[in-house]
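Undergrad: just coords:
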């Protein structure tokens, strides 16, 4: 198992969904803090989802390319690489309801 996936498994329990002002947000280390009274739900399907995502990135790109991208351009470059083609330009019909259920 690669170091990246091991870190995902270890830290996944620190991630969860937090609802603030009736908006659900993904929260955890490295993500923006949300201010307000809220309850955070950890565990659930997210550790498994993060682990699968890690394996997909490693299979598609490889550890060396991920590390090289990070070393050359920092967090922003890595985000561009990992997040490309993940969000449609326009909202799709039913997308909001799907995302609400997913979170």
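TA: Cool, the structure landed. Quantities reported herein were computed from a predicted structural model and do not represent experimental measurements. Numbering: from 1, shown residues only.
Undergrad: name the helices or strands packed onto the longest helix along the chain?
TA: When the chain is parsed with DSSP state H, its longest helix is helix 63-83. Other elements packing on helix 63-83 under the criterion 3 or more C-beta pairs under 8 Å, 6 or more residues apart in numbering; DSSP states H and E are helix 46-60. (Each C-beta comes from the backbone N, C-alpha and C, glycine too.)
Undergrad: angle of the helix it packs on against helix 63-83?
TA: 120 degrees (axes from the mean of the first three to the mean of the last three C-alpha atoms, to 10 degrees).
Undergrad: elements contacting helix 46-60?
TA: So helix 46-60, by 3+ C-beta pairs under 8 Å, 6+ apart, packs with helix 3-11, helix 63-83.
Undergrad: which neighbours does the first helix or strand past the first one going along the chain have in its sheet, and in what orientation?
TA: Same thing as helix 3-11. Using DSSP states H and E, the helix or strand that follows helix 3-11 towards the C-terminus is strand 16-20. Sheet pairing here is set by DSSP bridges, and for strand 16-20 it gives strand 23-27 (antiparallel), strand 39-42 (antiparallel).
Undergrad: and these, which one averages the lowest pLDDT?
TA: Sorting those by mean pLDDT places strand 39-42 lowest, at a mean of 62.
Undergrad: report the buried residues of stretch 55-65.
TA: 57-58 (16 or more other C-beta atoms under 10 Å).
Undergrad: what average pLDDT does it get?
TA: Rounded mean pLDDT across stretch 55-65 is 83.
Undergrad: ends of that stretch, how far apart?
TA: End-to-end distance for stretch 55-65, by C-alpha to C-alpha, to the nearest Å: 14 Å.
Undergrad: ok, residue 70 touching residue 79?
TA: No. Contact criterion C-beta atoms under 8 Å: residue 70 and residue 79 do not qualify, at 9.8 Å.
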